[in-house]
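Chemist: The sequence isn't on hand, but the structure is:
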């Protein structure tokens, strides 16, 4: 990272994990690989919420097809208040493999942090899972991978 900041497009990698959609009935995000990155920060943006969402978990998988999903522990940063001027995240909190139940405050953000070297051996892929009832709750998620091995505008894909 230079003195002028960090260029995500060239020094990192952006993965669209969950496009903006209803999470009614629960969803799993796009599986992505950590083979070429040292860290993943998954940003979940909670939209309109009809009711509280279910548990959020992260699975380590053995393939890009999501084989052998195993829930893992991770760190979470939470935006506590919605709206303009409330872009400050709470301190890091450790989350067990059982996951966490997010706040039911709409229009907030959670950031999940995972180190590649903490993934189980033979499971270099990640998958976001969000449980939800029959409510029409909206969410989206994007992963920002950092510490990428091959930097540049055409860095390696992590989803195939």
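Modeler: Thanks, I have it. The structure presented is a predicted model; accordingly, all values stated were derived computationally and were not measured. Numbers count the residues shown, from 1 in each chain.
Chemist: contacting residues around the residue nearest in space to the middle of the chain?
Modeler: Geometric centre of the chain, nearest residue: residue 42, 2.5 Å, by C-alpha atoms, centre = their mean. Counting by C-beta atoms under 8 Å, 6 or more residues apart in numbering, residue 42 makes contact with 17, 58, 111-114, 126, 128, 141-144. From N, CA and C alone the C-beta is placed, and that goes for glycine too.
Chemist: got it, and residue 72?
Modeler: Contacts for residue 72 (C-beta under 8 Å, 6+ apart) come out as 58-60, 97, 114, 118-120.
Chemist: Just give me the neighbour total for residue 21.
Modeler: Look at residue 21: counted by other C-beta atoms under 10 Å, it has 12 neighbours.
Chemist: distance of it from residue 132?
Modeler: 11 Å (C-beta to C-beta, to the nearest Å).
Chemist: shared neighbours, those two?
Modeler: Contacts common to residue 21 and residue 132, judged by C-beta under 8 Å, 6+ apart, are residue 27.
Chemist: In this structure residue 120 contacts residue 61, no?
Modeler: No: counting by C-beta atoms under 8 Å, residue 120 stays clear of residue 61, with 9.8 Å between them.
Chemist: Compare those two (neighbour count), which wins?
Modeler: Each of residue 120 and residue 61 had its neighbours counted (other C-beta under 10 Å), and the higher figure belongs to residue 61 (22 against 12).
Chemist: ok, the closest residue to the more buried one other than its chain neighbours - contacts?
Modeler: Of all residues beyond its chain neighbours, the one nearest residue 61 is residue 125 (4.1 Å), with distances taken as C-beta to C-beta, 6 or more residues apart in numbering. Contacts for residue 125 were tallied using C-beta under 8 Å, 6+ apart; they are 31-34, 60-64, 66.
Chemist: Can you read off the pLDDT for residue 125?
Modeler: Predicted confidence (pLDDT) at residue 125: the value is 96.
Chemist: go on, the one 4 residues further on?
Modeler: pLDDT for residue 129: 97.
Chemist: May I ask which helix or strand encompasses it?
Modeler: Using DSSP states H and E, residue 129 sits in strand 125-130.
Chemist: And the next helix or strand past the helix or strand of the chain with the lowest mean pLDDT?
Modeler: Ranked by mean pLDDT, DSSP states H and E, the weakest helix or strand in the chain is helix 8-11, scoring a mean of 82. Moving toward the C-terminus from helix 8-11, the first helix or strand encountered (DSSP H and E) is strand 13-22.
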